[in-house]
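K.L.:
Sequence plus predicted model, see below.
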Amino acid sequence: MSGLVTPGLIHHVVAEPGMADTWRAVLQLSGHLNQAFALIFVVASSVAIMLWSAAMIRSNVFSWALGVYGCLIGPITILVVLSGHLRLNVHGFGMIALGQAIWFISAGVLLWKDKPESAQVLT
């Protein structure tokens, strides 16, 4: 959000020097909103990965190893973020994105490779 909203707010800070304090407060609010949205995304995507991974392990149809990875990375991510040990700055969010991207890309590759017979006939 900040990357989309901040340039317009900075324009107001420069254009209206008498209102600079007000616009700085609005910029801080934008930063807080950005952090709140990032936290919601991280927790929700981690919960989704945990649920899909648990289903993978229980069904024994998909990759067991990927299911175990998801069941580990999901709760660990939630714990380190909610406990404050990992901040959602560029580096912290980048680490989370990398850990989740490994799961998403692996799941995508496995889904692509394990096409059902009927899907292979259509392509």
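P.N.:
Ah, there it is.
K.L.:
For the chain, identify the residue most remote from the centre.
P.N.:
In the chain, Gly18 marks the outermost C-alpha relative to the chain mean, sitting 38.3 Å out by CA atoms, centre = their mean.
K.L.:
how about Val5, what does it touch?
P.N.:
Contacts for Val5 (CB atoms under 8 Å, 6 or more residues apart in numbering) come out as Ser30. All C-beta spots, glycine's among them, are computed from the backbone N, C-alpha and C.
K.L.:
Quick check: what element follows the strand or helix carrying it along the chain?
P.N.:
Per DSSP states H and E: Val5 is located in helix 2-15. Next along the chain after helix 2-15, taking DSSP H and E as the criterion, comes helix 20-59.
K.L.:
after that following helix, next one along is what?
P.N.:
For helix 20-59, the succeeding helix or strand toward the C-terminus, using DSSP H and E, is helix 64-82.
K.L.:
For the closest residue to Gln35 other than its chain neighbours, give me phi and psi.
P.N.:
With CB to CB, 6 or more residues apart in numbering as the criterion, Gln35 has its nearest non-adjacent residue at 5.9 Å, and that residue is Leu88. Note on Leu88: backbone dihedrals following degrees, to the nearest 10 are phi -90, psi 50.
K.L.:
Please tell me I have it right and Leu88 contacts Phe37.
P.N.:
No: counting by CB atoms under 8 Å, Leu88 does not reach Phe37; the two are 9.7 Å apart.
K.L.:
can I get the CA coordinates of the helix holding Val5 in CSV?
P.N.:
Output of helix 2-15 as CSV, limited to C-alpha atoms (Å, rounded to 0.1, in the frame of the first residue of the first chain):
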residue,chain,number,x,y,z
SER,A,2,2.7,2.5,0.9
GLY,A,3,4.3,2.2,-2.6
LEU,A,4,1.0,3.2,-4.1
VAL,A,5,-0.2,5.9,-1.6
THR,A,6,3.1,7.5,-0.4
PRO,A,7,4.1,9.2,-3.7
GLY,A,8,0.8,11.2,-3.7
LEU,A,9,1.2,12.0,0.0
ILE,A,10,4.7,13.2,-0.5
HIS,A,11,3.4,15.5,-3.3
HIS,A,12,1.1,17.2,-0.7
VAL,A,13,4.0,17.6,1.8
VAL,A,14,6.0,19.4,-0.8
ALA,A,15,3.1,21.4,-2.2
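K.L.:
Nice, that's everything, thank you.
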